[in-house]
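# The sequence and its predicted three-dimensional model are supplied below.
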Amino acid sequence: MKLPVIKDAQQLADLVREIGFLPMFRSEIAGFSLEECTPAGYWFVKGVEGPWEWREEIAAAGEIAYAKLFNRKAGFISRAWYPDFANYRRDGYDFDARYDDGLASMASKRIMDVLLEHELGLLSSDLKQLSGFAVQGAKGFDTALTLLQMQTYITASKFEYKLDKHGRPYGWGIGRYAVSENVFGADWVTSRYSDQPEASKTRIVEHTAKLFPEAGTKQLEKLLK
């Protein structure tokens, strides 16, 4: 499938809803990324809204997931497909059960414990502070935060900016992260739990293979695992 040229947030949202999910950056599957279907003039050009601004609009709308979702890199998953990713990536585990079985780190637990107390989520800077990673020598925050996104336990719910003394935003948008169930609804996120995780994986892989039949099994596995 040749993806259409994307020039604004609405076109991006429409594409994700149509095909189900989309990596932001070049992936193992040629042509399957926002980077490859957005003209260069929309990337890092002052005064031009591009993918970085589009992701903020999409995350804030609460209908499409934006997080590190594909091989530890950013991407988008539609509401329709998120339950299958949650079922597959979580392998049937709620986070507490994963931790109790020794399959999640203490770093991940510290982050989850804090986010479960903040329904609206926290800016990454505040989350780092409250989960005890801001002290000198503390390690593991970024790794755990990425893994929790990959496992679909948390997602970016919006982006916010620092303000200068005149009240004007500046710099890069700071991600606000929340438990995925608090963003998309617990019943919806877990709606595939009655299926075996392998069944969700098969649906995801077969769907992607139909979109990009030239992709090999190893490419699909690496991108979607």
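Everything's here; your move. If you're wondering where the values come from, they're calculated on a predicted model, not measured in any experiment. Residues are numbered from 1 along each chain as shown.
# what about residue 135, neighbour count?
Using other CB atoms under 10 Å, the number of residues around residue 135 comes to 8. Glycine gets a C-beta too; all of them are placed from N, C-alpha and C.
# same deal with residue 138?
Other residues lying near residue 138 total 13 when counted by other CB under 10 Å.
# now swap in the one 3 residues further on and tell me
Burial of residue 141, expressed as a neighbour count using other CB under 10 Å, amounts to 18.
# ok, residue 109 to residue 136 distance?
When distance is defined by CB to CB, to the nearest Å, residue 109 is 21 Å away from residue 136.
# between these two, who's got more neighbours?
Comparing residue 109 with residue 136 by other CB under 10 Å, the one with more neighbours is residue 109, at 16 against 4.
# residues contacting the more buried one?
Neighbour list for residue 109: 95, 99 [criterion: CB atoms under 8 Å, 6 or more residues apart in numbering].
# residues of the helix or strand hosting it that come out buried?
Using DSSP states H and E, the element containing residue 109 is helix 106-115. Within helix 106-115, the residues that qualify as buried by neighbour count (16 or more other CB atoms under 10 Å) are 107-112, 114-115.
# what are the ranges of the helices in this protein?
Ranges of helices in the chain, per DSSP state H, are 9-19, 51-61, 82-90, 95-100, 106-115, 124-130, 141-150, 180-184, 186-189, 197-211, 217-224.
# wait, which of these is closest to residue 35?
Between residue 35 and those, the shortest gap by CB to CB is with helix 51-61, which sits at 7.6 Å.
# Which strands or helices does the closest one pack on?
Identification of packing neighbours for helix 51-61 by 3 or more CB pairs under 8 Å, 6 or more residues apart in numbering; DSSP states H and E yields helix 9-19, strand 64-70, strand 73-78, strand 154-163, strand 169-179.
# Tell me which of the helices of the chain is the most buried.
Highest mean neighbour count of these: helix 82-90, a mean of 24 (counted as mean count of other CB atoms under 10 Å).
# For the residue nearest the centre of the chain, give its distance to residue 180.
Central residue of the chain (CA atoms, centre = their mean): residue 67, 1.9 Å from the mean position. Using CB to CB, we find residue 67 at a distance of 9 Å from residue 180.
# shared neighbours of these two, which are they?
With CB under 8 Å, 6+ apart, residue 67 and residue 180 have common neighbours 154-155.
# Count the residues that sit near residue 116.
Using other CB under 10 Å, residue 116 is surrounded by 14 other residues.
# I meant to write residue 156 there.
24.
# What's opposite it in the beta bridge?
Assessed by DSSP bridges, residue 156 has beta-bridge partners residue 66, residue 177.
# Contact partners for the nearest residue in space to residue 207 that is not next to it in sequence?
Spatial nearest neighbour of residue 207, excluding adjacent residues (CB to CB, 6 or more residues apart in numbering): residue 20 at 6.2 Å. By CB under 8 Å, 6+ apart, residue 20 lies in contact with 77-78, 80-81, 207.
# Where does pLDDT dip in the chain?
Within the chain, no range satisfies pLDDT under 70.
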